[in-house]
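# Return a 3D structure for these sequence lines:
(2 chains)
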Amino acid sequence: MVKLTTKQIIDLLPYSKPFLFVDELEKINEDGVTGSFTFDPQLDFYKGHFKGNPVTPGVILTETMAQIGVVCLGVFLLSAEENEFNGQVAMTSSNVEFLRPVFPGEKVTVIAEKIYFRFNKLKCKITMQNEAGVKVCYGELAGMFIRKANG
Amino acid sequence: MSNEEIINKLKPIITTYAPVSDALDNLNEESDFIKDLNINSANLVDIILDVEEEFGITIDNTSMEKMLTVSASIEVIKEKLSEK
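Numbers count the residues shown, from 1 in each chain, chains lettered A, B, ... in the order given. Predicted coordinates:
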């Protein structure tokens, strides 16, 4: 059993720039996680989404919710059960409603509550809010974790 | 509980998570969740959680790994019911 620091969790994530959407984890425990990310205006997708009117794509908001709410929490939970998690992860479902746009440079906070974690599947209820504390999107996401043999 | 009674309880659970198909219409003991019914491993977890609730049993990791077909699931359900 390993109790990881939030910095160690982020280092264990299987992502890197430009596809890492986690800056900080403010809080994490066995029931949930709160984390944040600031969208760098230089991110490549803003050039095309949309022409002359950059807005963060919904798929990227969904990915941000998944990386903080499912993957960070899963890495924490699995590491608490066994050793440091270094296997693979796959998003298996997402059902997200979008309420407001997120513009380049905005900082968002993702708050996730665990619904269940059984048989290596983690399902969470997740909300994203902007710096003003206004809800921008919410939904339920799930992922499966695949442990490495000897991992 | 007979195999038939168990299948009758399993069918609505499986229908919730499986895409519409002939294999689903013809669900029987030989049906394989992944090969015949196109259920992914994440939905298989949901089926097992619903089975726990429907039958009032707890399924451990070892039993879960066996539950890849309807007949294997019936065996696990019977075993867990007998332990109650």
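# Three-state assignment for the residue of chain A found nearest chain B, please.
Chain B sits closest to residue A:92 of chain A, with a gap of 3.4 Å, by CB to the nearest CB. Glycine gets a C-beta too; all of them are placed from N, C-alpha and C. Three-state call for residue A:92 (DSSP: H, G, I helix; E, B strand; the rest coil): strand.
# For the residue lying farthest from the centre of chain A, give me the pLDDT.
In terms of distance from the mean C-alpha position of chain A, residue A:52 ranks first, at 27.8 Å (CA atoms, centre = their mean). Looking at residue A:52, its pLDDT reads 95.
# After the worst-scoring helix or strand of chain B on mean pLDDT, which helix or strand is next?
The helix or strand of chain B with the lowest confidence, counting by mean pLDDT, DSSP states H and E, is helix B:22-25 at a mean of 91. The element immediately downstream of helix B:22-25 (helix or strand, assigned by DSSP states H and E) is helix B:41-55.
# shouldn't the residue of chain A closest to chain B be in contact with residue A:140?
No. Residue A:92 is not in contact with residue A:140 according to CB atoms under 8 Å; the separation is 11.3 Å.
# so the nearest residue to residue A:44 once chain neighbours are set aside, which of the three states?
Nearest non-adjacent residue to residue A:44, counting by CB to CB, 6 or more residues apart in numbering or on different chains: residue A:18, 6.3 Å away. What three-state DSSP gives for residue A:18 is coil.
# Walk me through the regions of chain B where pLDDT falls short of the threshold, as ranges.
In the predicted model, chain B carries no residue with pLDDT under 70.
# Chain A contacts on that one?
Residues of chain B found near chain A (CB under 8 Å from any CB of the partner chain) are B:40, B:41, B:42, B:43, B:45, B:46, B:48, B:49, B:61, B:64.
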